[in-house]
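**Q** coords please:
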Amino acid sequence: MALAQFVMQRSALAGVQAVAARSGRTFARHTHDQFGIGVMRLGAQVSHSGRGQVEAGPGQVITVNPGEVHDGAPIGGERAWQMLYLDPAVVADAADGLPRSGGFEFEHPVIDAPALAADVLALYAQLTSHASPLACDALLLRILTRTGVRALSATDTGMPAAIRHTVSLIDDAPAAALSLADLAGASGLSRFQVLRAFHRATGMTPHAYQLQRRLLLARSLLRQGTALADAAAAAGFADQSHMTRLFSRAYGVSPGRYAQAVAG
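**A** As a prediction, the model looks like this:
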């Protein structure tokens, strides 16, 4: 299998990251703490999304929401894509004219819309060539309008209340050494029940979900300029090599390369 190639480029807008990738690699289920929108340039892939299993081919727009569990496998060899990852605050600010109480989400994980794809690629080019922020802002707003970003209510999670408690327990302290008994106590379920219900609701086991939250915490710390070893310790990893191994597997780049790309 060909090696995954990821290039993270500096962006003209704060809170937006640009990533170009070419890979024949299969990515396990994981999450991001940002919105993602991009275009498949070559090849095709199949992936799990918040709307079930989907396929994306050349020229199609692909999206992902913060916290959405997804994966990705190539169809027939390598595929290449360009992605923009946007902090939730960037999306909220750009779409400020929409009514909201609980946030926003992209409605469709795959969109077959050539005009939208052209806009996404144009924004990618503008951001990575450090074009005028005003021009980038205007194009971003048009993209969000065309993608059908919809407002969410504060309770629009589709997750049972008992499992929301266990998820919150992990979200509030990703580095904590939680046990299955802790999660069962928070949910009012047995350990067996919470294990099954958690996987049904999130697509992950509690341990896998905790690792994802630790990775997201590490990313946040690295964006703030925290040293690699300190970020690993603060996020609950056994050591820096443990963080590096899981980080690279999930995101295609090492934490060191990620830190260099996002450093102020």
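
**Q** Wait, A186 touches I163, no?
**A** No. Contact status for A186 versus I163: not in contact, 9.7 Å apart, counting by Cβ atoms under 8 Å. Every C-beta, even on glycine, is put in place using the N, C-alpha and C of the backbone.

**Q** tell me the pLDDT at A118?
**A** Predicted confidence (pLDDT) for A118: 97.

**Q** quick one: secondary structure of it?
**A** Following DSSP: H, G, I helix; E, B strand; the rest coil, A118 is assigned to helix.

**Q** after the helix or strand containing A115 comes which helix or strand?
**A** Element membership for A115 (DSSP states H and E) is helix 114-128. Counting by DSSP H and E, the next helix or strand C-terminal to helix 114-128 is helix 133-147.

**Q** Which residues does stretch 180-198 contact?
**A** Stretch 180-198 is contacted from outside by 160, 162-163, 165-170, 204-206, 209, using Cβ atoms under 8 Å, 6 or more residues apart in numbering.

**Q** What are the buried residues along that stretch?
**A** For stretch 180-198, the neighbour count (16 or more other Cβ atoms under 10 Å) marks L180, D182, L183, A184, A186, S187, L189, R191, V194, L195, A197, F198 as buried.

**Q** Give me the next element, helix or strand, following the helix ranked longest in the chain.
**A** If you go by DSSP state H, the chain has its longest helix at helix 206-223. Under the assignment DSSP H and E, the closest C-terminal helix or strand after helix 206-223 is helix 228-234.

**Q** Now tell me what touches that next one from outside.
**A** 175, 217-218, 221-222, 226, 239-240, 242-244, 255-256, 259.

**Q** so where do the strands sit in this protein?
**A** For the chain, strands defined by DSSP state E occupy the ranges 5-9, 16-23, 27-30, 35-42, 45-49, 52-56, 61-64, 70-74, 79-86, 103-105, 110-111, 150-152.

**Q** hey, which of those is tucked in deepest?
**A** A comparison of those by mean neighbour count, using mean count of other Cβ atoms under 10 Å, puts strand 61-64 on top with a mean of 25.

**Q** Against which helices or strands is it packed?
**A** Applying 3 or more Cβ pairs under 8 Å, 6 or more residues apart in numbering; DSSP states H and E, one finds that strand 61-64 contacts strand 35-42, strand 110-111, helix 114-128.

**Q** ok, now with 7 Å
**A** Judged by 3 or more Cβ pairs under 7 Å, 6 or more residues apart in numbering; DSSP states H and E, strand 61-64 is in contact with strand 35-42, helix 114-128.

**Q** What pairs with the first one, parallel or antiparallel?
**A** What that stands for is strand 35-42. The pairing partners recorded for strand 35-42 under DSSP bridges are strand 61-64 (antiparallel), strand 79-86 (antiparallel).

**Q** how distant is it from the center of its chain?
**A** 12 Å (Cα atoms, centre = their mean, to the nearest Å).

**Q** now swap in the last one and tell me
**A** Per Cα atoms, centre = their mean, the displacement of helix 114-128 from the mean C-alpha position of its chain is 19 Å.

**Q** please begin residue numbering at 373 from this point
**A** Okay, using 373 as the starting number, the last item reads as helix 486-500.

**Q** in that helix, what counts as buried?
**A** Buried residues in helix 486-500 (16+ other Cβ under 10 Å): L488, A489, D491, V492, L493, A494, L495, Y496, Q498, L499, T500.
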